[in-house]
Every structure is written in C-alpha cells, then in structure tokens.
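*Asks:* sequence and computational prediction follow.
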Amino acid sequence: MESYALLVAATLNAGTVLAIAALGLLINEKAGIVNLGAEGMMLCAAIAGFATVVNTGSDIMGFAAGALAGMVMAAIFGGLVIWLNTNQYATGLALTLFDTGFSAFAGISYVQEKMPDRISFAIPYLSDIPLVGPALFRHHPFVYLTVIFTFALIWFLNRTRSGLILRSVGESPTSAHGLGYPVRWIRMAAVVTGGALCGLAGAYLSIIYTPLWVEGMVAGKGWIALALVTFGTWRPFRVFLGAYLFGGMTMLQMNLQSIGISVPTQFISMAPYAATIIVLALISRNPTWIRLNMPASLGKPFNPH
C-alpha cells in the first residue's frame, strides 16, 4: 500500500508541471493564439529559477525569476505574431529552438551546482495520517496553489466580464474590435500571462521536482502541455485532470519495477507521448466536434485596419 501512496505523491508532483503549463497555454488559445514555444520558455525559466535559488537561497525569488523569464520570451513571441502578424506556428517553433540553445549556453556553469538544503513542506498532523498523509499532504505549496488556480480560472473564464471578453476575442476578434475592445492588447496580455505560467512550470521543474539543472531537462513536457489543451477540449478542469493523468503515466516505470512487474523502460518512457498521439488522432477524426469546442479564431492573425 505504501507504494501506491508514493505513486499518488509522484503523480501530483509530475502532474503539477504539466497542469500549470497547460493552463497557461489554454489562456493563450482562449484568446486565439497558438504558442508552440512552451518547451523553450520552460527551459529558460528552469535555468533562470535554478540559478536564482543557487545564488539567493530563496524559492520565492526563483519562482519569480522563472515567471519573469517566461514573460519576456512570451512578450517577444507576442510582439512578433500580434503586431507584425508573423506565422504563429513558425514563430513558436523558432522560439523553442532559440530558447533550447540559449538555456543550454546560460546553464553551462550550473550543471554541477547543488541547491541549498530544503525545508519540509509537510502539513502538520495531516501529513502523519497513514497512506493519505504521504500521498496528499507532504507537497510543496505550489501543488495546492495549482489546484486553487484551476478553479479560479474556471470562475474567471465563465463568470467574469474580463473572462467573457477574452473568450470573445478568441471567437471573433473582428466583432470584439467592432465593439471597441483593444484586441491586440488583450491577446498580448493573454500571451504574457501564459508565458508567466509556463515559466512557473519550468521553475518548479528545476527547483522542486528535480532540484538540479541539466540541459534539455524539460524533456518534452512543453509539447505534452500543448497537446493537453486539445485533449481537455479547451476546458480548464479537463486540462487539469489530463495533466495528472499524464503525470501518473510518467511515474509508472519506477512503481511497476518496485512491485516486481518487469516492463522494458523504453515502453514506459514512450507511454505519455504515445497516448498523446492516440488522443489527438482520435479527436481530429471529428472536425465538427473540434469546431464546437475550439476557439474559432485560433491561430488566425488579426489586423484591425
């Protein structure tokens, strides 16, 4: 039973990285912008957060640096695709390629660095409950904040005027512009917010999840987060659940081995990516269903003139 508690704990840890990045990309896509630069932004944020904690000893400063790195990269992307109307897909890919190389260069001197001693984040009393305590109540506060943020985002998108305006920009930017809304600035705000969340996910990866820096350590999580938005049909709670489902799949390898089930590591390692491809292939078979859920202007440039 203890192994199952450890699996739940590991799933929450792994899923948090995917959830916060995917929710950031969801905000982008609700405004009609597709950002394929998530992988690169997370890498830059990972080295920024790790380097900051190594030099300051502060997790808060590390997360702030990660979020700032994500915002800067997202702002560059937003300036290109929103004001210069460059192709969103090509620009996002270029951003990932640039950030991958830049993060590798910036992180050379931090490969052998170690984090300061960590404090315990166990919740008093609750963390001592057999099985449930180790599974649910010994996580970094960021895990619980991700859950709270998910419900806050649901409320924002469905119950607030600002959320409805954001969705209207994603559905019909021409109509929103005709009503007097600054479509470009709204899209820019969504892109930068999404970049900050991808930055937080990258910082969490290098500060908490695997407290070290290794070149390319995001290892495809940015692409999985991007696919999760479609997997979750552009709905925050479904994206949230999908993130922890995929997080659990990435943790299967160690837990299967611990209970004596021998499975080639290559199959376990490819499981999340294979599942992503299968899900996207199944979804794409129904164009009508996609049109009903996907923001109508997704990936399309907008020129107010």
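*Replies:* Nice, thanks for sending it over.

*Asks:* shouldn't residue 65 be in contact with residue 52?
*Replies:* Yes: between residue 65 and residue 52 there is a contact under CB atoms under 8 Å: 4.0 Å. Placement of C-beta: from N, CA and C, glycine included.

*Asks:* longest helix in the protein, by number of residues?
*Replies:* In the chain, with assignment by DSSP state H, the single longest helix is helix 2-30.

*Asks:* now do that helix: which elements does it pack against?
*Replies:* Using 3 or more CB pairs under 8 Å, 6 or more residues apart in numbering; DSSP states H and E, the elements in contact with helix 2-30 are helix 38-56, helix 132-136, helix 141-159, helix 161-171, helix 183-204, helix 221-231, helix 236-250, helix 252-258.

*Asks:* for residue 110, which of those is the nearest?
*Replies:* helix 38-56 (5.6 Å; CB to CB).

*Asks:* for the protein, what helix or strand is lowest in average pLDDT?
*Replies:* Scoring the helices and strands of the chain by mean pLDDT, DSSP states H and E places helix 252-258 at the bottom, with a mean of 64.

*Asks:* what mean pLDDT would you report for the longest helix of the chain?
*Replies:* Average pLDDT, helix 2-30: 88.

*Asks:* and the stretch of helix or strand residue 105 belongs to, what other elements does it pack with?
*Replies:* Taking DSSP states H and E as the criterion, residue 105 maps to helix 88-106. With contacts taken as 3+ CB pairs under 8 Å, 6+ apart, helix 88-106 sits against helix 38-56, helix 59-78.

*Asks:* most tightly packed of those?
*Replies:* Highest mean neighbour count of the helices and strands packed on helix 88-106: helix 38-56, a mean of 27 (counted as mean count of other CB atoms under 10 Å).

*Asks:* now that one against helix 88-106, angle please.
*Replies:* Orientation note: helix 38-56 sits at an angle of 30 degrees relative to helix 88-106 (axes from the mean of the first three to the mean of the last three CA atoms, to 10 degrees).

*Asks:* helices and strands around helix 38-56, which ones?
*Replies:* Packing partners of helix 38-56 (3+ CB pairs under 8 Å, 6+ apart): helix 2-30, helix 59-78, helix 88-106, helix 183-204, helix 221-231.

*Asks:* what mean pLDDT does it have?
*Replies:* Helix 38-56 comes out at a mean pLDDT of 96.

*Asks:* cool, and stretch 239-249?
*Replies:* pLDDT averaged over stretch 239-249 gives 88.
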